[in-house]
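turn this into a structure:
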Amino acid sequence: MSDGAEIIASLLRAVDAAPMDGPLRLVLVNHLLDAGRNEEAISQLSVILGQQPNFAPALLAMRRALSTSPAPPSEGDGYDDGYDWDRAARDLTDAVPAAYAGERGSAQPDYVSDDVPGTVRLADVGGMEQVKRRIEAAFLAPLRNPELSRAFRKSLRGGLLLYGPPGCGKTFIARAIAGELGARFHSVTLADVLDMFIGNSERHLRDVFAAARRNVPCVLFFDEIDALGHKRSQLANNAARGVVNQFLTELDGVDAVNDGVFVLAATNAPWDVDLALRRPGRLDRTLLVLPPDRPAREAILRHHLKGRPVGELRLDALATRTDGYSGADLAHLCDSAAELALMRSAASNTVHPITMAELESALAQIRPSIGAWLEAARNVALFANESGTYDELVDYLNVRKLL
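The predicted model follows:
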């Protein structure tokens, strides 16, 4: 056995002993890629991304694994499996955006050209009336009337940072804002920006903004903005610093080129976002998106039970009992209740509808998932709110008697 194979075998044993150790598994992935064992590397990366979907090093490694797949056998190998490799290459080139399938220097895809505007409105957001009023007053009203904006010399650009615990509807609210503005909506992910080659990440970010400027009005939504715009003082990697610097450049624009481009961002940890991104003229407006209130919880429960066989349900009472649950928690509650009803239906060979009994059983097993976030937010509210940035968060924590 070669030295490389021995190292991989040792790493496989170590990963089996510590399956939740993502960095260790990533070391194994890099050795597999160096050995040309891409399929095994992709399998290991799927495990990492299943545990940490936005883990940037794993996303970069996945791109490497997919871009360096072993070449098909050539004609000189004397091997013919009957597969049309040329046709497969043509099909793949059509299916994958040119940014990844084409040669260097090829035209970039128009990231926003296929996303239609106005499909979701704030009226589609159940409950959360206070959040809607804040959005209207702080963001929508100044941007809806271009004539008044020109009269008051107000540039048609804007930036809004949505923050709060995970699973509470920040992405859905961003889509609703785009609908209210009649703008196209494009959600930008880490995979759209990050690249293993130096300078390419900045180029991808520039292309995203260039495409938005060609398709105004357009809402660019950056989820998990702390991953792309982390505090530079905490970054040891110069490449990561370059992405933040490029982000600042694109947000500023030149000669009002960003008019009609509205930048929305979401994060669970706004305290980790670089302060330069949040200065006036950039992501200068902040909105706390809290767990859904009682009317919103009832609307979420109705939405996730819609189309399923149900019996007599008391969703108003269930909504009252789920205070502090996120929208994702409520979706999980409905799915768990549906599984219980399905199991009973399979056992009796008849359709057993979802009743309060299934929902009660599921509720007994599911707890709110935002506890860790509340603890982190409490520390920020106590020790890092000298400027008053998180006063709204302080008020919420006081209401819940967490301060």
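
now tell me which helix or strand of the chain has the poorest mean pLDDT.
Lowest on mean pLDDT, DSSP states H and E among the helices and strands of the chain sits helix 98-101, with a mean of 37.

from the chain's centroid, how far away is the helix or strand containing Arg25?
Per DSSP states H and E: Arg25 is located in helix 22-34. Averaging C-alpha positions (CA atoms, centre = their mean, to the nearest Å) puts helix 22-34 24 Å from its chain's average.

which helices and strands sit right next to that helix?
Identification of packing neighbours for helix 22-34 by 3 or more CB pairs under 8 Å, 6 or more residues apart in numbering; DSSP states H and E yields helix 3-17, helix 38-51, helix 56-67. Bear in mind the C-beta positions are built from the backbone N, C-alpha and C, glycine included.

in stretch 285-305, what counts as buried?
Across stretch 285-305, burial judged by 16 or more other CB atoms under 10 Å covers 285-293, 296-301, 304-305.

could you do stretch 312-326 as well?
Leu313, Leu315, Leu318, Ala319, Thr322, Gly324, Tyr325, Ser326.

the third one: what secondary structure?
Taken by DSSP: H, G, I helix; E, B strand; the rest coil, the conformation at Leu318 corresponds to helix.

pretty sure it sits against Leu359.
Yes. With contact defined as CB atoms under 8 Å, Leu318 reaches Leu359; the gap is 6.0 Å.

which residues touch the longest helix belonging to the chain?
Longest helix in the chain by number of residues, with DSSP state H as the criterion: helix 327-348. Here helix 327-348 makes contact (CB atoms under 8 Å, 6 or more residues apart in numbering) with 166-169, 291-292, 296-297, 300-301, 304-305, 308-309, 322, 325, 351-355, 358-359, 361-363, 365-366, 368-369.

try it again at 7 Å.
Helix 327-348 is contacted by residues 167-169, 292, 297, 300-301, 304-305, 308, 322, 351-354, 358-359, 361-363, 365-366, 368-369 when judged by CB atoms under 7 Å, 6 or more residues apart in numbering.

in a helix, Leu160, correct?
No. With three-state DSSP as the criterion, Leu160 is located in strand rather than a helix.

spatially nearest residue to it (excluding sequence neighbours)?
Leaving aside its chain neighbours, Leu160 sits nearest to Arg285 (4.7 Å; criterion: CB to CB, 6 or more residues apart in numbering).

distance of that neighbour from Arg134?
9 Å (CB to CB, to the nearest Å).

can you check Val188 too?
In terms of CB to CB, Val188 sits 24 Å off from Arg134.

if we can go back for a sec, return the subset of the buried residues of stretch 285-305 lying in helices.
With helices taken from DSSP H, the overlap with the buried residues of stretch 285-305 comprises Ala296, Arg297, Glu298, Ala299, Ile300, Leu301, His304, Leu305.

check contacts around the third one.
Okay, so that is Glu298. Leu315, Asp316, Ala319.

ok so, going back, from what I can see the residue nearest to Leu160 touches Ile135, true?
No. Between Arg285 and Ile135 there is no contact under CB atoms under 7 Å: 9.5 Å.

shared neighbours, Arg285 and Arg134?
Joint contacts of Arg285 and Arg134 (CB under 7 Å, 6+ apart) do not exist.

hang on, the earlier thing: what average pLDDT does the helix or strand just after the least confident helix or strand of the chain get?
Following helix 98-101 in sequence order, the next helix or strand is helix 129-135 (DSSP H and E). The average pLDDT within helix 129-135 is 80.

which ones are touching His352?
By CB under 7 Å, 6+ apart, the contact set of His352 is Ala341, Arg344, Ser345.

now the second one: how far from Ala362?
What it means is Arg344. Between Arg344 and Ala362 the distance, using CB to CB, works out to 13 Å.

between these two, which is the more surrounded one?
Neighbour count, other CB atoms under 10 Å: between Arg344 and Ala362, Ala362 has more, with 20 against 17.

low-confidence ranges, the stretch 51-200 of the chain, go.
Within the stretch 51-200 of the chain, the stretches with pLDDT under 70 are 51, 53-54, 67-118, 138, 142-143, 146, 148-149, 153-158.

could you tell me how many residues sit around the spatially closest residue to Gln234 that is not a sequence neighbour?
Once flanking residues are discounted, Gln234 sits nearest to Asp272: 7.8 Å by CB to CB, 6+ apart. Neighbour count for Asp272, taken as other CB under 10 Å: 14.

list the contacts for Asp272?
Asp272 neighbours (CB under 7 Å, 6+ apart): Asp226, His230, Lys231.

contact partners for the second one?
If a contact means CB under 7 Å, 6+ apart, then His230 has Ala240, Asp272, Asp274 as its contacts.

can you rerun that using 10 Å?
His230 makes contacts with Asn237, Ala240, Arg241, Val243, Val244, Ala269, Asp272, Val273, Asp274, Leu277, as judged by CB atoms under 10 Å, 6 or more residues apart in numbering.

got it, and the first one?
Contacts for Asp226 were tallied using CB under 10 Å, 6+ apart; they are 54, 163, 265-274, 277.

tell me which element it is part of?
Going by DSSP H and E, Asp226 is part of helix 225-228.

which outside residues touch stretch 29-38?
Here stretch 29-38 makes contact (CB under 10 Å, 6+ apart) with 2, 4-5, 7-8, 10-12, 15, 39-45, 47-48, 57-58, 61-62, 64-70.

distance check, Pro309 against His303.
16 Å.

now swap in Gly169 and tell me
On the measure of CB to CB, Gly169 and His303 end up 11 Å apart.

shared neighbours, the two?
The contact lists of Gly169 and His303 share Gly126, Gly327, where a contact means CB under 10 Å, 6+ apart.

so what's the closest residue to Tyr163 other than its chain neighbours up against?
Distances taken as CB to CB, 6+ apart put Pro270 closest to Tyr163, at 4.2 Å, once the chain neighbours are dropped. By CB under 10 Å, 6+ apart, the residues touching Pro270 are 161-164, 225-226, 277-278, 283, 286, 288, 377, 380, 389-390, 393.
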